[in-house]
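Colleague: quick one: sequence plus predicted model below, questions after.
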Amino acid sequence: MKIITSEKVSTREQLKDIALDITWAKIAQKYFDKSSSWIYNKINEIDGNGGKGGFTKDELQQLKNALYDFAERIRQTADRLE
């Protein structure tokens with residue numbers, strides 16, 4: 001029998017498949033108008049003072065939208081290749 005837990009998977013864990021392929025500083029700047037340290041702290045779920053932090057619900061939705069936009073831009077670029 002599989003036991004289901006409600007333990008939240010960290011943002012960092014959820015992004016591990018693409019984390020090294022994305023320039024997070026550019027995502028922070030283009031989609032959030034924030035610094036690279038801001039987004040790295042959010043991904044690592046710490047606040048600026050080293051305490052517990054992370055994305056708010058609104059910021060997480062904004063990140064999802066940014067990744068969707070980025071993926072679409074990559075797809076469109078690939079489609080234009082000859």
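Modeller: On my side now, so go ahead. Computed from a predicted structure; not experimentally measured. Numbers count the residues shown, from 1 in each chain.
Colleague: so where's the chain shaky on pLDDT?
Modeller: Low-confidence segments of the chain (pLDDT under 70): 1-6.
Colleague: how many neighbours does residue 22 have?
Modeller: 13 (other Cβ atoms under 10 Å). Quick note: C-beta positions are derived from backbone N, CA and C, even for glycine.
Colleague: and for residue 69?
Modeller: So residue 69, with other Cβ under 10 Å, has 13 neighbours.
Colleague: I'd like the distance between the closest residue to it other than its chain neighbours and residue 70.
Modeller: Nearest residue to residue 69 in three dimensions, chain neighbours excluded: residue 31, at 7.5 Å (Cβ to Cβ, 6 or more residues apart in numbering). To residue 70, residue 31 is 8 Å away according to Cβ to Cβ, to the nearest Å.
Colleague: longest helix of the protein, counting residues only.
Modeller: Scanning the chain for the helix with the most residues, using DSSP state H, yields helix 57-80.
Colleague: what about it, distance to the chain center?
Modeller: Centre-to-centre, helix 57-80 and its host chain are 10 Å apart (Cα atoms, centre = their mean, to the nearest Å).
Colleague: tell me which strands and helices it is in contact with?
Modeller: The helices and strands touching helix 57-80, judged by 3 or more Cβ pairs under 8 Å, 6 or more residues apart in numbering; DSSP states H and E, are helix 24-27.
Colleague: contacting residues for the most centrally placed residue in the chain?
Modeller: Central residue of the chain (Cα atoms, centre = their mean): residue 63, 5.4 Å from the mean position. When contacts are counted by Cβ atoms under 8 Å, 6 or more residues apart in numbering, residue 63 touches 27, 31, 55.
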